[in-house]
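Participant: Have a look; sequence and predicted model below, questions after that.
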Amino acid sequence: MPTGNSVFKELEPDNEVPEYLKHALVAEVDTIRNTMQVVTLFTEHFLSAITIGLSFNDNE
Amino acid sequence: MNDYARHNFSDEELVKLFVETQENRYFEKLYERYSEKVYHKCLSFVKDIAKAEDLTHDIFLKLIFKLGTFKEDAKFSTWLYSITYNHCMDQLRSNKKRGEVLQEEPIEVPDDIDLNNIFDGDDIQAKNLKTALDQLTVDEKGVLFMKYMDDMSIRDIADIFNVTESAIKMRLLRSREKLRKKYLETIIFLAILAVKMIELMRNLIG
């Protein structure tokens, strides 16, 4: 006869996780990573342009 | 065969590699190892496939953002389950404000009490247990799942809830007693229903 604890463990569902969930997640991770890279690149270039602009003014 | 295929990386190594390289394959490996478990946990709470999928998706997305904060001395599975439980319970506490502390009447937990078994008897029926479990709150279910489904230690459960071990023992005792009571009520209700049905059948035949 099953004990209380073993019956409790049997209550855990055994459904399979759908495959599309993984693809959706990986695609979302890629999108986030790409967006972050674009933002980083834009910010870096924007700041370096300002720095160059300021140093150019100082030289004049 | 490349290095990645040959190596059977531990969870903690995969976390480190993903944080350093940001390569999807390391995250995918972690996902393959734990997605079923996380999905089942979500399904235990919500009983709805679509909602469980949404919760699983959100948990793994949350995990990616938190991987950088993972402490190497911790066990990855316990850390992931803490994210899973906290996320599920947060989502299901719809009638309470987020982060609200549950008001609990303190009860005395004797030192010699055995919290390792959910029921003393052996003859437990899964169907009735499920019915009884559905009548518990999300926090009560959470603490019982952690202890009796995942075999987590009191210390780990206390860390997840961010409370003391004695508070967890109190919650565990209270939740277990409530489950036992609801289980008994379910059996009594079904027995009464069966008697009434027999009476009705007799009256119809007679």
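Facilitator: Noted; the coordinates are in hand. Numbers count the residues shown, from 1 in each chain, chains lettered A, B, ... in the order given.

Participant: what's the average pLDDT for stretch B:199-206?
Facilitator: The average pLDDT within stretch B:199-206 is 88.

Participant: May I see the buried residues of it?
Facilitator: By neighbour count with 16 or more other Cβ atoms under 10 Å in any protein chain shown, stretch B:199-206 contains no buried residues. Bear in mind the C-beta positions are built from the backbone N, C-alpha and C, glycine included.

Participant: same check, this time on stretch A:18-25
Facilitator: A:21-22, A:25.

Participant: Give me the contacts around it.
Facilitator: B:28, B:31-32, B:35, B:39, B:53, B:56-57, B:60-61 (Cβ atoms under 8 Å, 6 or more residues apart in numbering or on different chains).

Participant: please redo it, this time with the cut-off set to 7 Å
Facilitator: Counting contacts by Cβ atoms under 7 Å, 6 or more residues apart in numbering or on different chains, the residues outside stretch A:18-25 that touch it are B:31, B:35, B:53, B:56-57, B:60-61.

Participant: which residues does B:I188 contact?
Facilitator: Listed by Cβ under 7 Å, 6+ apart, B:I188 has no contact partners.

Participant: Kindly list the longest helix within the chain.
Facilitator: Because you didn't say which chain, this covers chain A. With secondary structure taken from DSSP state H, chain A has its longest helix at helix A:19-59.

Participant: sorry, should have said chain B
Facilitator: For chain B, the helix with the greatest residue count under DSSP H is helix B:165-205.

Participant: ok so, going back, just the mean pLDDT for the longest helix of chain A, thanks.
Facilitator: What helix A:19-59 shows for mean pLDDT is 88.

Participant: roughly how far apart are A:D30 and chain B?
Facilitator: For A:D30, the distance to chain B equals 7 Å [Cβ to the nearest Cβ, to the nearest Å].

Participant: Can you give me the neighbour number for that residue?
Facilitator: 11 (other Cβ atoms under 10 Å in any protein chain shown).

Participant: Would you check how far apart it and A:T40 are?
Facilitator: A:D30 sits at a distance of 15 Å from A:T40 (criterion: Cβ to Cβ, to the nearest Å).

Participant: just B:E185 next, same as before
Facilitator: From B:E185 to A:T40 the distance is 59 Å (Cβ to Cβ).

Participant: Which one's more surrounded, those two?
Facilitator: B:E185 (14 against 10).

Participant: re the thing from before, ranking the contacts of stretch A:18-25 by neighbours, who comes first?
Facilitator: B:T56 (28 neighbours).

Participant: Which residue would you name as the spatial centre of chain B?
Facilitator: Closest residue to the average C-alpha location of chain B: B:F145 at 3.7 Å, with Cα atoms, centre = their mean.
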